[in-house]
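In: kindly generate the corresponding structure for this input.
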Amino acid sequence: MKFEIVLHRDGVTENVEFNYEKREADERPMALDVLLQAQATTLPDLAFRYGCRARNCGVCTIDVNDKPRIACRARVRDGDKLSPCATLPVLSDLVVRRDGIARQMQGRLPSGGGANDLNVEAPQAYHDLTACIECYACLDNCPMHARNFGDVKPTDAAADDLPDASQGYRWGNPFSLLKLERIRLDPITSQADKDAAVDNAVELGLDACVDCPGCKCGVGIDLKRQVVGSLLEAAKDRL
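Out: As a prediction, the model looks like this:
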């Protein structure tokens, strides 16, 4: 099986062909299987992330044929292209810089544990949102997140005008909205913090969601209905 692996090194992009040797005649490998074999054979310095068995699920997300996929769950076919997530800046090869998303939420979340930490009964809608593994697949085609980069491609490592991820991105994304909606659903959250969550959603660019057809979650959370729709309804007087 032949695959195209996109490498990013020192601001230069290179497409490399890799021939995957099947372990069984009928094997249908995952994207992660391909990357692991490539690193173990012809590309020993190939850079990519995965957190299987280390409770760090979601970090292995890459693009397969230009669409975000969780590498350890995505079966690939002969001729597929494996590349870094196009929605975030590339550090090296298939490793992207993820911290700009987390830093964006600093100061926007109430202190203290949530319902899960304090063993307080919460509605099912709250528990549904805890399934998020922070894979950031939801950033794909997100008009709110795209505002952070303007006309510059996030994967253009040579660009001088990429936003500073260490400061946290100015505009939000479905993941940040999910975190805010969880605050609103948490039974131990004060009304003031629930109101602040809506304020933060508006500040992060919730208006971009008004005409958006919806976002897709890597693990199947109904982001359009359970997160975006709920926040749009709560903020409708300000949009």
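
In: what's near enough to touch the most centrally placed residue in the chain?
Out: By CA atoms, centre = their mean, the mean C-alpha position of the chain lies nearest to Y136, the distance being 0.6 Å. Applying CB atoms under 8 Å, 6 or more residues apart in numbering to Y136 gives the contacts G58, T61, P68, C85, T87, L88, R98, I101, N173, F175. (Glycine included, C-beta is placed from N, CA and C.)

In: hmm, 10 Å instead?
Out: Going by CB atoms under 10 Å, 6 or more residues apart in numbering, Y136 touches 58-59, 61, 68, 85, 87-88, 96, 98, 101, 142, 145, 173-175, 218.

In: return the member of those residues nearest to D161.
Out: The shortest gap between D161 and any of those belongs to L88, at 15.7 Å (CB to CB).

In: mind checking what secondary structure T42 has?
Out: Using DSSP: H, G, I helix; E, B strand; the rest coil, the structure places T42 in coil.

In: and the nearest residue to it once chain neighbours are set aside, bridged to which residues?
Out: Counting by CB to CB, 6 or more residues apart in numbering, the nearest residue to T42 once its immediate chain neighbours are dropped is F18, at 6.5 Å. Here F18 sits in beta bridges with F3, going by DSSP bridges.

In: list the contacts of C215.
Out: Taking CB under 10 Å, 6+ apart, we find C215 in contact with 137-145, 173-175, 177-178, 209, 221, 223-224, 227-228.

In: L36 reaches P44, doesn't it?
Out: No: counting by CB atoms under 10 Å, L36 sits too far from P44 to count as a contact (11.7 Å).

In: those two - which one has more neighbours?
Out: Counted by other CB atoms under 10 Å, L36 and P44 do not tie: L36 has more neighbours, with 17 against 8.

In: in a helix, the more buried one, correct?
Out: Yes: the assignment for L36 (three-state DSSP) places it in a helix.

In: for M1, see how far away the residue of the chain positioned farthest from its centre is.
Out: Distance from the centre of the chain peaks at A25, with 33.6 Å (CA atoms, centre = their mean). Separation of A25 from M1 (CB to CB, to the nearest Å): 12 Å.

In: partners of S92 in the sheet?
Out: Bridge pairing for S92 - DSSP bridges - gives V95.
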